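Q: Predicted coordinates and the sequence they were generated for:
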Amino acid sequence: MDDRLSKGIDRRTFLRMLGIASGALFVPGAVACGGGSGNTPTSSSASTSAATSASAGASSPAATSGSSPAASPSASGTPMITGSPAASGGGSAGQFSTFESGAKVTADIPFYDGTLTVDMLQNPQGLDPQVNTNNESFMAMLEIYEQLIDYDPQSDMYYPQLAEEMPDISNPQEYSFKLRQGVKFHDGSELTSADVKDTFDYILKMGSKAPPYSLYNSLDTVEAPDPYSVIFKLKTPNAMFIPFLSSIMGGIVKKGSRDKQDLTRDPKGAGCGPFTLTEWVNGDHLSYERFEDYFRKGYPKFQKLVYKVIVDDSAREAQLLSGALDLSGYVPKKDFDRVSKTKGISGAHFPSTRVDYVQLNLIHELGKDEHIRRAMAFAIDNEALVKNTLYGLGTAAHGPVCPGTPFYDPAVEKVAYFDLNKAKDELSKSSKPDGFEFDLLCENNPYIVQQATLIQAMLGKINIKANVTPLEKVAYTTKIKKGDPNWFAGVSNWTSSVDIPDYQIKLVFTTNGSYQRTSYSNADVDKLVGELEQTPDIAVQKANMSKIQLQMAQDMPSIWFAWEDWCVAWQDYVKGYKSVPGYYEYFDFVGVEKH
Amino acid sequence: MNARFVGYLGRRLLLAIPVLFGVSIVSFLLIHLAPGNVANTLLGDQATPELTAEIEHRYHLDQPLPNQYITWISHVARGDLGQSFINHEPVSKLLLQRAGVTVEIGVLAFILALAGAIPLGVAAATHRNHKQDYASSVISLLGISIPDFWLGILAILFFGVKLKWLPAGGFVHLSESVTGNLKSVLLPVLILAFINMALITRMLRASMIETLGQNYILTARAMGVPWRTVVWDDGLRNAFIPTLTIIGLTLARVLAGTILLETVFSLPGFGRLVADSVFNRDVPTIQGALFVVGVLYVVANVLVDILYSVIDPRIRY
């Protein structure tokens, strides 16, 4: 236990221990059923264990060219086989955090007194971790702030970051942390428990007006009995509380800094991360300087970091090829193979938490008819969509759980699959046996329009005429609204910021899900999802997840068709880069062998 | 500058007020006719009704439209263009930040365009149906027909990626490096100049051909005035009046920024700011930017009016 606390805790072990504890509170009988085996446990959710493998898959990217950083297959395990990410071998997890495993690779690389330039898709909305939640803000804030703990998908472990060790989890309603001593904020002051308390008190004070509140709403109070101790007291046991502390939304902000400055624009002195922000030119770039007093001595291994905002795909590619960019996390899939084979450039594609699907509106006249929904699902060839619109850089989807992950039930493939005859049969049983016409909404992003166009052609084969209607992003999200009967279908995608497979089901498809848009409501699904959070029995969790998947494949509130890979390319002199599914990128341990 | 001219100038500037007022109302209505608002931008897919309502309240988007407009216009009257919803900075500061890039590129491109268009247009008109005319026509047609962003991508791939002579994008501020700055703006300046040169050349050619066919030109030639003097002193001066209108509009256009070119070259200019603000529904920034663009066009037109009288002394106000 002590050893685990100092080094980190793998998610499975953590949840098993927590499961036993909370099981004792909630389902005493289940402890006996589920406890004991090495893979058993967890009170939290099926999701957590399922994610274990999902992210292990993520740790084994398919590096495609050149000398690759630590994220390459040789360093982390079997190369990913497209079509079965996690099942294909996962990663040889190892017992190192993202930082530690990256740092191992770059340990012997000398300090580079220069700049690492990477790209960003758009301007961050702001740099206050408790206020700003767009992807670019997350990326920009990860360099400035640190969390109490960190999650490493490479090893599927939670690691202490600002905490000295992982907390004692014997009481699932109360977690005590010891903080590292001597950690400095960028203004030179020392991190204390008062800063941690103030950060979470702010979230509690703002309530639902603060985006992170949805992660931490089980929190009751935060106590700081001494300068290096913090106690989180929860209203109810919540297994996800510890994993959620690894989110940058729980980034620790120096007490009182919000009173002095607008953190969304000026985070100076408020964080204790590896870099300090020196310049932010709106819409152009963010410049960072190495924080000399960073608590991980010797890191970062280069002097400056620059995020360049590049909105255009061709401009991004040209800058990478010309050497103006050292690393790009947004290489267009259509160009990935060519770019990553360019001399001097390496690339890797990683499974991500992003899934593409056709969202259906169940209160629309057409959406109410389950035969119509099923007919459409049978008519859509998900393999063809992966091949033609993602250029093979993804995995065919059959539901909201990624194939190959432990909680994926392959039986779903016998319910939701491509079969034109079945599609025609379902349509003949529907209220529109002769076919119908509708507007297929989508964002005006070229590859999403391409997906919509291909789906249009597929549906045309069963006499369903889809009019592809591209809308700019804001117009699209405004149109696809819950309770509005004026839309029927839209090509959407979802990226889970927390790598757990029931995250989307809970938020988007349960009756009271915060991000519900389809108006899907199935009491059985709601009940099964609710039970997942309570039971520590992995067998029950798996059974519930199977039932949910099969039920949703029958109900077909949406048609999932692809899990996307994340494509990254970098100059060969960049060493130790680690990618994390979702939108996190870590550069604090990256080395630059450029002379 | 006589009193009548000053009076004219005053009247033109006064007329600009209703024009700018109209521009602000139309742009305000247009952006509110578009679906969605800044809350959708900030929250994206994860917009809950509570958070959406909170943001709408924070930015007074829950107020009736006339109230929102009156609030904005009353601030403008006091010289305050408001604060960006997205960047949380004064709009005037954002506009100034972006204007530097656009003005530098725009002014350089404008000068180059004029320097190329005048000799080309004159050569085409004076050598009508000869190789100079054909060459000028081909160059003009290419400039008018080729989209600037496509030309930009080709130039980046050739000069930035293949030859590595120039940066593939981005902007280096003059204060950081003079050479770096010139290198970073060279390609966009050349492309913008080429595109705008084409239009001016076409206009000047047509105007010169018409002018050179006038009786007074024939008379001058019959009187033995040298051809060069006839063309450059008499012909060009008279032909320049209609061309000047196009030149004025070109100046306003290049200073208002080019969205696609700035996007391809990753330049943090005025055009990109407007485009980003439209996509983000950042109403104060859109309003402020369009207000400034309106002012630019008004000023350009007034300048053209002044230059009319300089070129042709018969024109009096």
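A: Arrived safely.

Q: CA only for contacts and neighbour counts going forward, please
A: Fine.

Q: What residues does chain B have near chain A?
A: Contacts of chain B with chain A, taken as C-alpha under 8 Å from any C-alpha of the partner chain, map to B:34-37, B:40-48, B:50-51, B:54, B:86-88, B:94, B:153, B:156-157, B:160-162, B:164, B:167-170, B:263-268, B:273, B:279-280.

Q: Okay, and A:Trp494 sits in which element?
A: Using DSSP states H and E, A:Trp494 sits in strand A:489-495.

Q: Of all the residues in the helix or strand where A:Trp280 lies, which ones are buried?
A: Using DSSP H and E, A:Trp280 maps to strand A:275-281. For strand A:275-281, the neighbour count (16 or more other C-alpha atoms under 10 Å in any protein chain shown) marks A:275-278, A:280 as buried.

Q: Same list, those, but as TSV with pLDDT and distance to chain B please.
A: Converted to TSV, the buried residues of strand A:275-281 look like this (pLDDT from 0 to 100; distance: C-alpha to the nearest C-alpha, whole Å):
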residue	pLDDT	distance to chain B
A:Phe275	96	22
A:Thr276	97	19
A:Leu277	97	16
A:Thr278	96	15
A:Trp280	91	11
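
Q: Return the closest of those residues with respect to A:His364.
A: A:Trp280 (45.5 Å; C-alpha to C-alpha).

Q: C-terminal to the helix or strand hosting A:Phe336, which secondary structure element comes first?
A: A:Phe336 belongs to helix A:333-340 when assigned by DSSP H and E. Going down the chain from helix A:333-340, the next helix or strand is strand A:345-360, by DSSP H and E.

Q: if we can go back for a sec, could you list every helix and strand that the strand holding A:Trp494 packs against?
A: Under the contact criterion of 3 or more C-alpha pairs under 8 Å, 6 or more residues apart in numbering or on different chains; DSSP states H and E, strand A:489-495 touches strand A:345-360, strand A:436-443, helix A:446-460.

Q: List the contacts of the strand holding A:Trp280.
A: A:143-144, A:186, A:267-269, A:285-291, A:300, A:305 (C-alpha atoms under 8 Å, 6 or more residues apart in numbering or on different chains).

Q: What about the residues you listed, which are in strands?
A: Within those, residues falling in strands by DSSP state E are A:285-290, A:305.

Q: Those residues: which two are farthest apart?
A: Spatially, the most separated pair among the ones in strands among the contacts of strand A:275-281 is A:His285 and A:Arg290, at 16.4 Å (C-alpha to C-alpha).

Q: I'd assumed B:Leu30 was in contact with B:Arg281.
A: No. In this structure B:Arg281 lies outside contact range of B:Leu30 using C-alpha atoms under 8 Å: 11.0 Å.

Q: before we move on, the earlier item: and the angle from the helix holding A:Phe336 to strand A:345-360?
A: On the basis of axes from the mean of the first three to the mean of the last three C-alpha atoms, to 10 degrees, helix A:333-340 is oriented at 170 degrees to strand A:345-360.

Q: Name the next helix or strand following the strand holding A:Trp494 along the chain.
A: Using DSSP H and E, the helix or strand that follows strand A:489-495 in sequence is helix A:502-504.

Q: Is that next one positioned near chain B?
A: No. Helix A:502-504 lies apart from chain B when judged by C-alpha under 8 Å from any C-alpha; the minimum separation is 11.2 Å.

Q: Next secondary structure after that helix?
A: Heading C-terminal from helix A:502-504 (DSSP H and E), you reach helix A:523-534.

Q: Who's the closest spatial neighbour of the residue in chain B that chain A sits nearest to, skipping the chain neighbours?
A: Residue nearest to chain A within chain B: B:Val161 (4.5 Å; C-alpha to the nearest C-alpha). Nearest non-adjacent residue to B:Val161, counting by C-alpha to C-alpha, 6 or more residues apart in numbering or on different chains: A:Ser322, 4.5 Å away.

Q: The one you found and B:Leu166 touch, don't they?
A: No. In this structure, A:Ser322 is not within contact of B:Leu166 by C-alpha under 8 Å, at 9.4 Å.
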